[in-house]
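Student: need coordinates for the below:
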Amino acid sequence: MIRSFFHAWERRLAFTDDFERRVLPFDWGAEFLPSLGSWDDTGAGHGADPREILHEHAQRALADSDTYFELAPVEDFRLDDGHLTFTSPAPTGVPANDRVHASFYPAAPRGPAVVVLPHWNAKEGAQDGLCRLLNRFGVGALKLALPYHERRMPDDLVRADFTISPNIGRTLQSCRQAVLDARAAVSWLEASGYGPLGIVGTSLGSAIAFVVIAHEPRLEAGVFNHISPYFADVVWRGISTRQVREGLEQGVDLNELRKLWLPLSPFSYYEHLARLRRPSLLIYGRYDLSFPPDLSRELLRDFQKREIDHEVFELPCGHYTTAIFPFNWMDGLRIARFLKDKLGR
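Tutor: Now for the predicted structure:
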C-alpha cells in the first residue's frame, strides 16, 4: 500500500510538465562525436555507416577512457560576486552552452569543498539549499550548471533536450562535456586554495559524477544521489525520460543502447574506483520510478562484490519526492555528515 501511494505521487509530480516535453527524432549523431588525437570519428561525412562509427567510438572510449576524458587547460576562469564563469574545455559549437556557469558557496576562505552537479532539467536555484547546508557543516560548494541548462540553454529550447536525447552522439558529446566541465571546476577550486575536494551528483549529475571521480585524482570522496550501473537503462525505463525513450525506439533497442552509452555508465569504471579506494556514499529511493530500485541494488551488489569503499543510504521515498520535506532534509543531512566526516580534516 505504501509503494502504491508513493508511485502515484511520483507519477503526479513527473507528469506536471508534460506540456513542455517533446519527442525528438532518433539520430545516430556521429557528427557530434569528438575527434581526439589519432581518433577519426568524422567518417559519417564520407559515406561511412554512422551506426558502426558509434560502436567503434564507444569501444575506443572504454579502452582509453583516460584520453577520452583528458582535461585541456582552462585559462579564463572569472569569479564575480559568487558567480564563476569559464569556457568549456569540450566545446560543442553552441555559444551559449560553451560558456560554463557556476555558483560558489564558500564555507571559509580555504578548507574542504565539493563540486555539485544537479539533476537533469534543474532550474536556477536548484540545490542551492544543499549548498548552504554543506556550508553549515564547514564544506564549500561550487554548483555547476550542466550542459544546455540554465544560462547555457539556447533560446530555442525550453528543456535541456540536447543533454539527454534520442540523438546518440549528441548525448555522448554533452555528457562528456559535463565530465570535463566538472574536472575544470576541480582545477579552479584547487588553484583557489581549497581542499580536500569531493563531488556530489544527483540523478543525471550522479552518473556524471561517477565518471568524474573515476578519472579525477584530486577528488577524495563522492556522493551519488540516485544510482544505476547503466546510463541507458535509466533513460529507457525511467518515467523522467519517457519521451526520450519514445524517440530512441525509432532506431535502437535497449541492449544496443547500453553498449553505445557505456562510456557514460558507472559499470564501466568499477575497476577505477576499486583501485583508487575513495569513499563513496550511495543513495537510492525505495520507491523510485526514474532510477528503478532493482538497478540501484544491482550497483550496490557490484560495489560489495568488488569491495569498493562505500556507504549506503536508502531513502523511504521516490525520485521526485526526494525534493520534498522531510525527505529533502533526510537526504541533505546524510550527505553533509558524510562529507564533513570524509573531507573535514
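
Student: list the contacts for Val244?
Tutor: 24, 164-166, 235 (CB atoms under 8 Å, 6 or more residues apart in numbering). Every C-beta, even on glycine, is put in place using the N, C-alpha and C of the backbone.

Student: from Val114, how far off is Phe137?
Tutor: 11 Å (CB to CB, to the nearest Å).

Student: same check on Arg275?
Tutor: 22 Å.

Student: same question for Val223.
Tutor: Distance of Val223 to Val114, computed by CB to CB: 8 Å.

Student: could you identify the helix or strand that succeeds the longest helix anywhere in the chain?
Tutor: In the chain, with assignment by DSSP state H, the single longest helix is helix 168-191. With elements assigned by DSSP states H and E, the helix or strand that comes after helix 168-191 is strand 194-202.

Student: quick one, the helix or strand following that following strand and helix 168-191 angle?
Tutor: The helix or strand immediately downstream of strand 194-202 is helix 204-215, counting by DSSP H and E. If you take axes from the mean of the first three to the mean of the last three CA atoms, to 10 degrees, helix 204-215 sits at 60 degrees to helix 168-191.

Student: how about the CA coordinates for the longest helix of the chain, as PDB?
Tutor: Extracted in PDB, the C-alpha atoms of helix 168-191 (Å, rounded to 0.1, in the frame of the first residue of the first chain):
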ATOM      1  CA  ILE A 168      23.100   9.000 -29.500                       C
ATOM      2  CA  GLY A 169      26.200  11.000 -30.500                       C
ATOM      3  CA  ARG A 170      24.900  14.300 -29.100                       C
ATOM      4  CA  THR A 171      24.100  12.700 -25.700                       C
ATOM      5  CA  LEU A 172      27.700  11.300 -25.600                       C
ATOM      6  CA  GLN A 173      29.000  14.800 -26.600                       C
ATOM      7  CA  SER A 174      27.100  16.700 -24.000                       C
ATOM      8  CA  CYS A 175      27.700  14.300 -21.100                       C
ATOM      9  CA  ARG A 176      31.400  14.100 -21.900                       C
ATOM     10  CA  GLN A 177      31.400  17.900 -21.800                       C
ATOM     11  CA  ALA A 178      29.800  17.800 -18.400                       C
ATOM     12  CA  VAL A 179      32.600  15.500 -17.100                       C
ATOM     13  CA  LEU A 180      35.300  17.800 -18.400                       C
ATOM     14  CA  ASP A 181      33.500  20.900 -17.100                       C
ATOM     15  CA  ALA A 182      33.400  19.300 -13.700                       C
ATOM     16  CA  ARG A 183      37.100  18.500 -13.900                       C
ATOM     17  CA  ALA A 184      37.800  22.100 -14.800                       C
ATOM     18  CA  ALA A 185      35.800  23.200 -11.700                       C
ATOM     19  CA  VAL A 186      38.000  21.000  -9.600                       C
ATOM     20  CA  SER A 187      41.000  22.800 -11.100                       C
ATOM     21  CA  TRP A 188      39.600  26.100 -10.100                       C
ATOM     22  CA  LEU A 189      38.900  25.000  -6.500                       C
ATOM     23  CA  GLU A 190      42.400  23.600  -6.200                       C
ATOM     24  CA  ALA A 191      44.000  26.700  -7.600                       C
END
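
Student: counting by contacts, list what it packs against.
Tutor: helix 50-63, strand 83-87, strand 99-105, strand 111-117, strand 140-144, strand 194-202, helix 204-215, helix 254-260 (3 or more CB pairs under 8 Å, 6 or more residues apart in numbering; DSSP states H and E).

Student: mind doing that once more with 7 Å?
Tutor: Helices and strands touching helix 168-191, by 3 or more CB pairs under 7 Å, 6 or more residues apart in numbering; DSSP states H and E, are strand 111-117, strand 140-144, strand 194-202, helix 204-215.

Student: more neighbours: Arg275 and Val114, which one.
Tutor: Between Arg275 and Val114, counting by other CB atoms under 10 Å, Val114 is the more crowded of the two (33 against 11).

Student: partners of the closest residue in space to that one that isn't next to it in sequence in the sheet?
Tutor: Leaving aside its sequence neighbours, Val114 sits nearest to Gly198 (CB to CB, 6 or more residues apart in numbering; 4.3 Å). On the basis of DSSP bridges, Gly198 is bridged to Val114, Ala221.

Student: so what's Gly198 up against?
Tutor: With contact taken as CB atoms under 7 Å, 6 or more residues apart in numbering, Gly198 is in contact with 114, 219-222, 339, 342-343.

Student: among the helices and strands packed on helix 168-191, which is nearest Asn97?
Tutor: Between Asn97 and the helices and strands packed on helix 168-191, the tightest spacing by CB to CB is seen for strand 140-144, at 12.7 Å.
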